[in-house]
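Enquirer: sequence-free structure coming up:
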């Protein structure tokens, strides 16, 4: 909905099926903002619905009623799209990110498209007065664009983007550059600014895989995670340089995912733990002299020891050198009772985490004569003597059927079987 309303709140998840999107439409990813949502289909089409004010849906919503009082609440009611509608003038979309009043699209060519409110420059381009759609989109006092347009700065410089994230007043994108280039715009300027990595002496940067796998834009903080598990955090609304700092994930493990909300952020570590921190507290500490209230932290996980291949727990240093990394002022707090976390999401007042309890146990035969896939757990469930079935499978296919997490001979370990059994019996959605 366009505004918080307890009377119309949907407490339990409701499926949006074929009648909503149409037949043969398979949804690949979704994103939600303050008052609107978006979904990307496998075909590359993108659908939006919700509050159409500022043109954030990618099209002009025909007002059901008009309000002459100038009340924002009445204006929002007049421009609501209740059912998902395909966004015109854009195709081959692979990801979408919904901000508060604007939306960002990423296509298969690595180009970035934006639409919605541009009052803070969050679209990444200048909107001329004659092209301003604010009056048509229920926001006559704002600068808006209701048709998706490409951010030409990135296109002209051959910057291939791999991830995008939108927040209240700015946008963050990550390129496929081996240097891990991350760009941000908004907060009063349409100019793109590159995020600066902290300078660390004696680092052989060529040994690091600094390519960014995900970015997240938050109102107070923005963050990025690299392939080597480095967590980079910077102040979103900095008017000077966007200087990032490295944040050490406790336990010596790297980060695999991060999400920034309005005031709090969450990160998932490689060992499946989730940690949160208060972005407003860090912003206050940044205004003090360095070292005040700072936490002493060791270097990031990829700076711990000497190695030729710097990844988790390995070193990017040359010759076994050590480097003085400035202590992080961010206080990470672990979410107790939560394990096996693979993805994390932060909202304005809540968090969401995906757990990987167990993966399906399957055998893919290397023998073309078999011609089919064996699902071990289904076979075990259908027999009265599981142990006998295990023995028969092991003896018959131990040389032909490999499995990643197996004992010698290509057979699933007892631990993996137990995890899968537990997932089936105890982890059903309530």
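Expert: Here it is on my side, so go on. Remember, it's a predicted structure, so these values are computed and weren't measured experimentally. Numbering: from 1, shown residues only.
Enquirer: Can you get me a residue count around residue 171?
Expert: Residue 171: 29 surrounding residues under other Cβ atoms under 10 Å. For glycine as for every other residue, the C-beta is placed from the backbone atoms N, C-alpha and C.
Enquirer: so what pLDDT did the nearest residue in space to residue 280 that is not next to it in sequence get?
Expert: Distances taken as Cβ to Cβ, 6 or more residues apart in numbering place residue 263 nearest to residue 280, at 5.0 Å, with adjacent residues excluded. Per-residue confidence at residue 263 stands at 87 (pLDDT).
Enquirer: Identify the residues contacting residue 263.
Expert: Residues in contact with residue 263, defined by Cβ atoms under 8 Å, 6 or more residues apart in numbering, are 219, 220, 278, 279, 280, 348.
Enquirer: Against residue 330, how distant is the fifth one?
Expert: If you measure residue 280 against residue 330 using Cβ to Cβ, to the nearest Å, the figure is 12 Å.
Enquirer: Would you check that residue 268 makes contact with residue 338?
Expert: No - using Cβ atoms under 8 Å, residue 268 is not in contact with residue 338; the gap is 9.7 Å.
Enquirer: Common neighbours of the two, please.
Expert: 274, 353.
Enquirer: quick one on the thing from earlier: can you turn the buried part of the contacts of residue 263 into a PyMOL selection?
Expert: For the buried members of these, the matching PyMOL selection, counting by 16 or more other Cβ atoms under 10 Å, is:
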select buried, resi 219+220+278+279
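Enquirer: Compare residue 268 and residue 338 and say which is more crowded by neighbours.
Expert: Between residue 268 and residue 338, counted using other Cβ under 10 Å, residue 268 has the larger neighbour count: 26 against 15.
Enquirer: Kindly state the beta-bridge partners for that one.
Expert: With DSSP bridges as the criterion, residue 268 is bridged to residue 257, residue 274.
Enquirer: Now do the helices in the chain.
Expert: 18-21, 72-78, 152-156, 279-286, 376-381, 386-397, 414-426 (DSSP state H).
Enquirer: Do you have the strands of the stretch 51-200 of the chain handy? List them.
Expert: Here the stretch 51-200 of the chain has its strands, by DSSP state E, counting those that start in this stretch, at 80-86, 93-98, 102-107, 112-117, 144-150, 161-166, 170-175, 182-186, 193-194.
Enquirer: May I see those strands arranged in TSV, with distance to residue 20 and mean pLDDT as well?
Expert: Formatted as TSV, these follow (distance: least, Cβ to Cβ, whole Å; pLDDT from 0 to 100):
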stretch	distance to residue 20	mean pLDDT
strand 80-86	6	93
strand 93-98	17	96
strand 102-107	19	97
strand 112-117	22	96
strand 144-150	22	95
strand 161-166	24	96
strand 170-175	28	96
strand 182-186	32	95
strand 193-194	39	92
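Enquirer: Please name whichever of these is nearest to residue 130.
Expert: Of all the strands of the stretch 51-200 of the chain, strand 144-150 sits nearest to residue 130, with 11.9 Å by Cβ to Cβ.
Enquirer: Against which helices or strands is that closest one packed?
Expert: For strand 144-150, the helices and strands in contact under the criterion 3 or more Cβ pairs under 8 Å, 6 or more residues apart in numbering; DSSP states H and E are strand 112-117.
Enquirer: Show residues contacting the strand it packs on.
Expert: 54-58, 90, 99-107, 122-125, 139, 142-151, 154, 161, 164, 171, 173.
Enquirer: at 6 Å instead, please
Expert: 54-56, 58, 90, 101-106, 123-124, 142, 144-145, 148, 150-151, 154, 161, 173 (Cβ atoms under 6 Å, 6 or more residues apart in numbering).
Enquirer: how long is stretch 229-243 end to end?
Expert: Using Cα to Cα, to the nearest Å, one end of stretch 229-243 lies 19 Å from the other.
Enquirer: List the buried residues in that stretch.
Expert: 229, 230, 231, 232, 233, 234, 235, 236, 237, 238, 242.
Enquirer: now swap in stretch 145-156 and tell me
Expert: Judged by neighbour count (16+ other Cβ under 10 Å), stretch 145-156 contains these buried residues: 145, 146, 147, 148, 149, 150, 151, 153, 154.
Enquirer: For residue 22, state which of those is nearest.
Expert: For these, the closest approach to residue 22 (Cβ to Cβ) belongs to residue 148, at 20.4 Å.
Enquirer: right, and the closest one touches residue 90 too?
Expert: Yes - counting by Cβ atoms under 6 Å, residue 148 touches residue 90, with 4.5 Å between them.
Enquirer: And the closest residue to residue 220 other than its chain neighbours, how far from residue 32?
Expert: Nearest-residue entry for residue 220: residue 279, 3.7 Å, with adjacent residues in sequence omitted and distances by Cβ to Cβ, 6+ apart. To residue 32, residue 279 is 20 Å away according to Cβ to Cβ.
Enquirer: go on, residue 213?
Expert: 22 Å.
Enquirer: Between the two, point out the one with more neighbours.
Expert: Each of residue 213 and residue 32 has its neighbours counted (other Cβ under 10 Å); residue 213 has more, 19 against 14.
Enquirer: Next up, the contacts around that one.
Expert: Residues near residue 213 by Cβ under 6 Å, 6+ apart: 225, 227.
Enquirer: What separation is there between it and residue 230?
Expert: Here residue 213 is placed at a distance of 10 Å from residue 230 (Cβ to Cβ).
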